[in-house]
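Peer 1: sequence and predicted model, in that order:
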Amino acid sequence: MNEIKVLDRLQVQSGLSLQNLPDLRVSFQGSVSLFHPLSELAREWMRAHCPAGGDHQYFCGALVVEARYVEDLLAHAVEDGLTI
């Protein structure tokens with residue numbers, strides 16, 4: 001699906017402008033959380049800090065994070081300028 005169409009749909013559904021969209025969305029799923037990149041900045045940050053393979057697992061484009069690491073990873077993302 002075209003990313004622009006997805007953003008347009010999010011914009012219409014939420015009433016947000018592209019400038020107000022967060023860079024990263026976190027969905028809590030019990031013992032793991034999914035970090036969904038919503039901007040190119042978030043995708044670049046995740047590629048640099050959480051490359052696929054090895055210790056990092058992705059599911060449908062979202063980074064899978066164990067509950068014990070969520071708080072630290074969010075703190076690093078915010079320190080690096082991402083909005084949640």
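Peer 2: That came through fine.

Peer 1: got the buried residues for stretch 47-60?
Peer 2: Across stretch 47-60, burial judged by 16 or more other CB atoms under 10 Å covers residue 50. Where you see a C-beta, it was placed from the backbone N, CA and C, and this is true even at glycine.

Peer 1: off-centre distance for that stretch?
Peer 2: Mean-position distance between stretch 47-60 and its chain equals 12 Å (CA atoms, centre = their mean, to the nearest Å).

Peer 1: and the end-to-end length of it?
Peer 2: 15 Å (CA to CA, to the nearest Å).

Peer 1: from residue 31, how far off is residue 22?
Peer 2: 24 Å (CB to CB, to the nearest Å).

Peer 1: of these two, who's got more company?
Peer 2: Remark: of residue 22 and residue 31, residue 22 carries more neighbours, 14 against 8, as counted by other CB atoms under 10 Å.

Peer 1: just the element for that one, please.
Peer 2: If you go by DSSP states H and E, residue 22 is not part of any helix or strand.

Peer 1: could you show me where the strands are in this structure, in order?
Peer 2: Taking DSSP state E as the test, the strands found in the chain are 24-28, 32-37, 57-59, 62-66.

Peer 1: nothing else from me, thank you.
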